[in-house]
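Below: sequence and its predicted model.
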Amino acid sequence: VDIILTGDSFTEGFSVHFSESISAVLRQLDFNAINIGKGGNGSLLELAALKEYAEPLEPRIVLWLYYPNDPEDLESEMKSSILRKYLNESDYSQNLISRQEEIDDVLKNYVQREWKRQKTMLLKTHAKRIIKLHNLRKRINLIPVPTLTLTPIPTLTPKPIFKDILQKSRQMVSNWNGKMYFVYLPEFDRYSTGNEHPNRDFVMKTVTELDIPIIDIHKEAF
């Protein structure tokens, strides 16, 4: 394996055709690239993914794609006792790469349960709309407009934890003589407001201190 990519929705290729994802483009350039990114992943899940899937395959290069919403995901991930083991226990692994049939069964059961639950919810919602004459009230402008409440977005990365995760990931990759690169993906607000993300300086300083090469997509593109 030449390259393994870990990250969130950008890495996964959310909202683009399969052939247009980052890993697909790398394969078109004759790299053997494997994508273990998934929308919603934060730094701790990315560490876990490296342990479960990259370590057994020992790629020459690991691309760690970072997006500024990762700290929000990390805060929720730290509440998981299983995920914390990847950070706190040196050799913890669930051997997921060898348990794909079991994982498939779990996913199928989950999808079936969710499908039944969603169908039940849709039927209840539809019945409620009929009983409340929703369409009629909408036509005569009797539907109240809800007040929009914005939830504050955390702006501070859990700093020691983030650094520990990156350090452990870099060490893991170094143990099989691989090379890890940190890819910084700029957020949309940088171009709509002109302001840098509050965490950017800390993130770049941390990665530099850990001696991880940085690929800054803003600089590369603009």
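Yep, that arrived. Just so you know, these numbers come straight off a predicted model, no measurement behind them.

three-state assignment of residue 161?
Using DSSP: H, G, I helix; E, B strand; the rest coil, the structure places residue 161 in helix.

ok, it touching residue 77?
No: between residue 161 and residue 77 there is no contact under C-beta atoms under 8 Å: 9.5 Å. (C-beta placed from N, C-alpha, C; glycine too.)

of these two, who's got more company?
residue 77 (26 against 18; other C-beta atoms under 10 Å).

if we can go back for a sec, what is in contact with residue 161 and residue 77 at once?
The contact sets of residue 161 and residue 77 overlap at 43, 44 (C-beta atoms under 8 Å, 6 or more residues apart in numbering).

Could you give the average pLDDT over the helix or strand residue 205 falls within?
Assigned by DSSP states H and E, residue 205 belongs to helix 200-209. Computed over helix 200-209, the mean pLDDT rounds to 93.

which parts of that helix are buried?
Of the residues in helix 200-209, 200, 202, 203, 206, 207 count as buried by neighbour count, 16 or more other C-beta atoms under 10 Å.

Which one of these is nearest to residue 218?
Using C-beta to C-beta, residue 200 comes nearest to residue 218 of the buried residues of helix 200-209, at 9.7 Å.

Run through the residues that contact the closest one.
68, 184.

how far away is it from residue 211?
19 Å (C-beta to C-beta, to the nearest Å).

again, but for residue 174
10 Å.

do residue 10 as well
24 Å.

Name all residues that make contact with residue 19.
By C-beta under 8 Å, 6+ apart, the neighbours of residue 19 are residue 28.

what kind of secondary structure is it in?
Three-state assignment for residue 19 (three-state DSSP): helix.

tell me the helices in this protein, going along the chain?
Counting by DSSP state H, the chain has helices at residues 9-12, 22-28, 43-49, 55-57, 70-77, 81-88, 100-131, 134-139, 159-175, 189-192, 200-209, 217-221.

mind showing which ranges of this protein have poor pLDDT?
For the chain, applying pLDDT under 70 flags the ranges 129-158.

what do you get if the cut-off is 80, keeping everything else the same?
71, 123-159 (pLDDT under 80).

Just to check, residue 67 is in contact with residue 14?
No: contact criterion C-beta under 8 Å: residue 67 and residue 14 do not qualify, at 11.1 Å.

Looking at those two, which one has more neighbours?
Legend: neighbour count by other C-beta under 10 Å for residue 67 and residue 14, higher for residue 67 (20 against 13).

phi, psi of that one?
Dihedral angles phi and psi of residue 67 (degrees, to the nearest 10) take the values phi -120, psi 140.

Distance-wise, check it relative to residue 127.
Counting by C-beta to C-beta, the gap from residue 67 to residue 127 is 40 Å.
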